[in-house]
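# Can you look at this prediction? I've put the sequence above it.
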Amino acid sequence: MTGEEMGEFKDGKYSKDILIQLSMCDFTGCMSINDIASVFMDIAGEDAERRGIGTTDMHDENFFWLTVRSKFVFRKFPEALETVTA
């Protein structure tokens, strides 16, 4: 994920603008499923850190996060050099 700046928390939701890099795209010039999932996980991690339930906090309590199943529905895949809000 590009940029190290944190996103913003508004109306109970955490969001962040992401510039889609060429390295995040497949041969069609659109963002790959793997990179989309990575962005979701990164943003969830940032939000968890802000809430005090991030990796370090969980480790201190001998807990961990586990994503068992996810379902994504896309109307359009992000394209290279497009900025999206996640």
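Nice, thanks for sending it over.
# Tell me how many other residues crowd residue 37.
Neighbours of residue 37 under the rule other C-beta atoms under 10 Å: 13. (C-beta placed from N, C-alpha, C; glycine too.)
# Dihedrals phi and psi, it?
When quoted as degrees, to the nearest 10, the phi and psi of residue 37 stand at phi -60, psi -40.
# Look up the closest residue to it, ignoring the ones flanking it.
Distances taken as C-beta to C-beta, 6 or more residues apart in numbering place residue 70 nearest to residue 37, at 7.2 Å, with adjacent residues excluded.
# Please look at that neighbour and residue 33 and confirm they touch.
No: Residue 70 is not in contact with residue 33 according to C-beta atoms under 8 Å; the separation is 10.7 Å.
# More neighbours: which of these two?
In terms of neighbours (other C-beta under 10 Å), residue 33 is the more surrounded of residue 70 and residue 33; the figures are 12 against 8.
# How much space separates that one from residue 84?
15 Å (C-beta to C-beta, to the nearest Å).
# Equivalent analysis for residue 42, please.
13 Å.
# Run through the strands of this protein in chain order.
Assigned by DSSP state E, the chain shows strands spanning 8-10, 13-15, 17-19, 83-85.
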